[in-house]
Structures are given as structure tokens and as C-alpha cells.
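K.L.:
Fold the stuff below for me.
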Amino acid sequence: MTEVAPSFDMTALAPPPAPLPTSRNASPSRSPSNHRSPPGSLATDGQHLAKERRKDTEKTQELSELLRDKERRAQQHLERCGEERGRKMEEQKRKEKQRRSAAEEKRRQQQQAEKFVRDSACTFSEPPQC
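P.N.:
Numbers count the residues shown, from 1 in each chain. Coordinates of the predicted model:
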């Protein structure tokens with residue numbers, strides 16, 4: 001049998017180093033990196049994190065303000081719609097009252113005309129007394 005000489009040293013075999021756990025959704029500023037700011041610069045780790053927190057807080061405040069504005073506009077819209085609906089209902093009531101009043105007046109005039117005709121017919125059916 002032929003012996004095959006190993007092409008590499010088999011004595012120092014170890015599993016490959018595990019990759020660093022990273023999240024797919026992590027922002028690049030929070031992912032571990034090998035590049036660091038030079039010593040003495042403003043962007044030390046603590047300052048960098050504080051800056052990130054300030055940005056996050058500002059963004060949260062901006063979004064909260066936008067939401068409050070949107071809710072305020074929605075409330076104003078509801079109030080305007082309610083007022084408009086109230087005006088329309090009042091107008092409808094006014095028109096209905098006017099229509100009923102006109103119908104009542106027409107009925108009253110018609111009754112007067114019929115009474116006049118009845119009274120006139122009675123007068124003309126009798127022989128004239130002169």
C-alpha cells in the first residue's frame with residue numbers, strides 16, 4: 001500500500017471562528033465595525049450612542065407632533081361636517097315648514113272659494129227679491 005503524505009499540518013485543526021452575530025435590520029451605525037474614530041475626536045462610543053438617542057428622541061417627538069396635528073385636523077373636519085349637517089337639517093326643516101304652511105294656505109283659500117260658491121249658489125237659486 002502506498003502512503004499518502006498529508007499536504008497540510010493535521011495537528012492544529014480547530015473549527016473556524018464563528019461569525020459575529022448581527023441582525024439584518026440593524027442600522028450600520030450600530031453594527032460592529034473595525035473602524036473607530038481617532039482618539040480625541042467627538043465621536044467616542046458614549047457620545048455616539050448619546051447622539052443616536054438624541055436623534056431617536058427628536059424623531060419620536062416629530063412623529064408625535066405630526067400625529068397630534070393629524071388628529072387635530074380630523075377633529076376639526078368632524079366638527080365642520082357636524083355643523084354642516086346641522087345647517088342642512090335646519091334648512092330642510094325650514095323648507096318643510098314653509099311647504100306645509102303653503103299647503104295649509106292653499107287649502108284654506110280653496111275652502112273659502114267653495115264657501116263663496118255655495119253661498120252664491122244659494123242666493124241665486126232663490127228668486128230675486130227686488
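
K.L.:
how close does residue 44 get to residue 51?
P.N.:
Going from residue 44 to residue 51 by Cβ to Cβ, to the nearest Å gives 10 Å. For the C-beta atoms, the positions are set from N, CA and C on the backbone; glycine is no exception.

K.L.:
Just the C-alphas of stretch 105-114, formatted as CSV.
P.N.:
Extracted C-alpha coordinates of stretch 105-114, given in CSV (Å, rounded to 0.1, in the frame of the first residue of the first chain):
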residue,chain,number,x,y,z
GLU,A,105,-102.9,78.4,3.0
LYS,A,106,-104.0,76.8,-0.4
ARG,A,107,-106.4,74.5,1.4
ARG,A,108,-107.9,77.5,3.4
GLN,A,109,-108.3,79.6,0.2
GLN,A,110,-109.9,76.6,-1.5
GLN,A,111,-112.4,76.2,1.4
GLN,A,112,-113.2,80.0,1.2
ALA,A,113,-113.8,79.7,-2.5
GLU,A,114,-116.0,76.7,-2.1
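
K.L.:
what residues does it touch?
P.N.:
Where contact means Cβ atoms under 8 Å, 6 or more residues apart in numbering, no residue beyond stretch 105-114 reaches it.

K.L.:
Can you give me the buried ones in that stretch?
P.N.:
Counting neighbours by 16 or more other Cβ atoms under 10 Å, one finds that stretch 105-114 has no buried residues.

K.L.:
Let's see the pLDDT reported for residue 116.
P.N.:
pLDDT for residue 116: 87.
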